[in-house]
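Undergrad: What would the 3D arrangement of this be:
(2 chains)
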Amino acid sequence: MDYQSSELCRFTTAGSVDDGKSTLIGRMLYDSKSIFQDQMEQIEASSLRRGESEVNLALLTDGLKSEREQGITIDVAYRYFATPKRKFIIADTPGHIQYTRNMVTGASTANVALVLVDARNGVVEQTRRHAIIASLLQIPHLVVCINKMDLVDYSEDVYEGIKEDFEKFAAKLDVKDVHFIPISALKGDNVVHRSEKMDWYDGSTLMYYLENVHIASDYNFIDPRFPVQYVVRPNTDEHHDYRGYAGRVAGGIMKKGDDIIVLPSGFTSKIKKIDSFDGELEEAFPPMSVTVLLEDNIDISRGDMIVRVNNQPEVTQDMDIMISWFNERPLISNGKYTIMHTTQEARCMIKDIKYRLDINTLHRDLENKEIKMNDIGRVTLRITKPLFVDAYRKNRITGSVILVDEGTNETVGAGMII
Amino acid sequence: MDYQLNHLKELESESIFILREVASQFENPVLMFSGGKDSILMVYLAQKAFYPGKIPFPLLHIDTGHNFDETIAYRDALVKKTGARLIVGSVQEAIDKGMVVEEKGVNASRNGLQTVALLEALEKGKYDAALGGARRDEEKARAKERFFSHRDEFGQWDPKNQRPELWNLFNAKKQYGEHFRVFPISNWTELDVWQYLAMEKVELPSLYYAHKRDVFERDGVLLADCDFIQKKPGEVVKNMMVRCRTIGDMTCTGVWPSNATTTEDIIEEVATTRMTERGGRTDDKRSETAMEDRKKKGYF
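TA: Predicted coordinates:
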């Protein structure tokens, strides 16, 4: 059964309102035959009602009533399609200036970021903003889709010019893998099928790229980290003394017999068994959900972390983070918030705002440091108890936090540990 | 050794993570069990999440009184096998108490009334989290649903005021009286569910496999002939090989002509089919935004 060897790939799309992002997604769904007849009939009818002559593929991804009325996407929408090689999850995020928070949300779990550029306009402010966010969120692979090539006569010069512009700017960013593809989402060139109009381009189509980009090493397989999520204690006759620590491996490879240390207590032991419903496992790696049993009977609860004796995270109550702010009420200097990190929860205080980052230019603003909704900045936190952290660059799971407003319970900010 | 999970194992791991988060972050969760394949998958994943312990929350079934017999038989056997606790909320009871008025006419369905019985059962049990088997690929309003979906004290969903969800950090904080709906299999598609159930050899109710049944056609959908649906003049009952793609109340669950008798046959059928599974749900056909409107009121 070949579906048992198919991998999961998550990508995020970002583009300005008129870059043709929804059309691109509609095109991928349509050309990969992921659209059903009744969905197609529904959008045909809607296109007719709106007085459009062609079927508007963008309508496939415009979910909620209010969005369809305004003709813009206002929230992260998730789309799914599969090819024989991979199953894809698209986090479709709006490109509108107000919605940095949605872009950050969609980017947080993505393997690949698709950045759309309108070939007629070239690299604009929003292109730079999307690339900066992809870089801050450490999306491992970035694909720049130069769209609407049909409107610039499929010109190689236009494509090369935009590519050069982008490369010049991307040199300042922290992105490892950048790829360029000239496409027309509307006409279908180089999306799923190769374009006949651009024989000067000898790279792969977007779909071929997505199916083949190497994502297997996007997780950290070097530094073992196991945040304890839940303690399994069946208390039945059959499993009388069973005490298992359930969680999802956040980094590294864990093996039976490994020497481990439990944080924060500092007790050491060995892994006795890695257990699962399907039987005992020899080893576990990210993102597996397993249950770990130890040789010694130590008191461990949710929020503790099991790590290797010779490879430990930083244990700290003070940290600097890059924060992306989501709330209408600006971040309060010296304000107190709940902080969530892996399976831990604590309170924290904003000790200092270092700077606000201009996400169009990467300029660090040291004067006007107020961090408002959709802003990103660097802040220093003091936390009520030690957290077990890695730099976000090293591990996206143990290097990320969210802040929660203590009054309204809203998630107000997302942070990447520096 | 290749350190890469296949897509089904990765989805499984994500769902197990969510189920364990729910058991940790809420005081009194409940799993909404409809008898359909998605809620069967949820129970199976919950067994995996807490193995070798029992599932640490009860199952809640909202009984419309118009169920397929097979659904109830399967439910009872599953409860026995897993040792889970079962709670039944009744739409008939809500009607008898005068809380809701039954729809009249040939298209009458108790589907909408389920919301009232559900909210009543959630309130009565003081549940602070209701786990549901909804998937984002099912319907366009669900494409924007969160894993942890916050509901106000009236059980309503506000699509514009949802909490952003990043990485695998889930914020389950709430005011007294509010609750959450949690959807652990959000990222699964219909095909994923079938592939997984085949891979794991999970037994399903016979309704999902092709069987002979008396059916009639209405608005392009085949419905099972039963006492709960009034037939219109001219609607003719035929005996056909059919199967269900979703299982809900008999009055709104369409059946499909099919010869798929094994899970592998079903995967083949789903992979090549040209209609979404909810295409057979007459409750979604009422208007283009039927699902969005019902969700705002507190539907599953």
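Undergrad: Give me the buried positions along stretch B:59-67.
TA: B:59-64, B:66-67 (16 or more other C-beta atoms under 10 Å in any protein chain shown). Using the backbone N, CA and C atoms, a C-beta is placed for each residue, glycine as well.
Undergrad: which other residues reach stretch A:193-210?
TA: Residues outside stretch A:193-210 that contact it (C-beta atoms under 8 Å, 6 or more residues apart in numbering or on different chains) are A:9, A:11, A:28, A:31-32, A:83, A:86, A:88, A:112, A:114, A:143, A:145, A:149-150, A:154, A:156, A:159, A:179-184, A:189-192, A:212.
Undergrad: Throw together a PyMOL command that grabs the buried residues out of those.
TA: A single PyMOL command is used to select the members of the contacts of stretch A:193-210 judged buried by 16+ other C-beta under 10 Å:
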select buried, chain A and resi 9+11+28+31+83+86+88+112+114+143+145+149+150+154+159+179+180+181+182+183+184+189+190+191+192
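Undergrad: A:Met416: what secondary structure?
TA: The three-state label for A:Met416, taken from DSSP: H, G, I helix; E, B strand; the rest coil, comes out as strand.
Undergrad: about what we covered before: filter the contacts of stretch A:193-210 by proximity to chain B?
TA: Among the contacts of stretch A:193-210, the residues within reach of chain B (C-beta under 8 Å from any C-beta of the partner chain) are A:Arg86.
Undergrad: Which of the contacts of stretch A:193-210 fall within helices?
TA: Among the contacts of stretch A:193-210, the members found in helices (DSSP state H) are A:28, A:31, A:156, A:159, A:212.
Undergrad: Among those, name the least confidently predicted one.
TA: Ranked by pLDDT, the ones in helices among the contacts of stretch A:193-210 bottom out at A:Asp31, which has 80.
Undergrad: how much space is there between the residue nearest to it when sequence neighbours are not counted and A:Gly203?
TA: Distances taken as C-beta to C-beta, 6 or more residues apart in numbering or on different chains put A:Val192 closest to A:Asp31, at 3.7 Å, once the chain neighbours are dropped. Remark: distance between A:Val192 and A:Gly203 (C-beta to C-beta, to the nearest Å) = 15 Å.
Undergrad: Helices of chain B, start to end?
TA: According to DSSP H, chain B carries its helices in the segments B:7-25, B:37-50, B:69-82, B:91-96, B:114-125, B:190-199, B:263-272, B:290-297.
Undergrad: ugh, wrong one, the stretch 101-250 of chain A
TA: A:125-136, A:156-170, A:206-212 (DSSP state H, counting those that start in this stretch).
Undergrad: Please work out which residues outside the second one touch it.
TA: Looking back up the chat, that one is helix A:156-170. With contacts defined as C-beta under 8 Å, 6+ apart, helix A:156-170 is touched by A:117, A:119, A:122-123, A:127-128, A:131, A:142, A:144, A:146, A:149, A:152, A:178, A:180, A:182, A:198, A:200-201.
Undergrad: Next: stretch A:381-388.
TA: The contact list for stretch A:381-388, computed with C-beta under 8 Å, 6+ apart, reads A:225, A:227, A:263-264, A:305, A:307, A:312-321, A:339, A:341-342, A:344, A:346-351, A:398, A:401, A:415.
Undergrad: just these that are near chain B?
TA: A:341, A:401.
Undergrad: Please give the element, helix or strand, for A:Ile261.
TA: strand A:259-263 (DSSP states H and E).
Undergrad: from the chain's centre, how far out does that strand sit?
TA: Its chain's C-alpha centre and that of strand A:259-263 lie 29 Å apart, by C-alpha atoms, centre = their mean, to the nearest Å.
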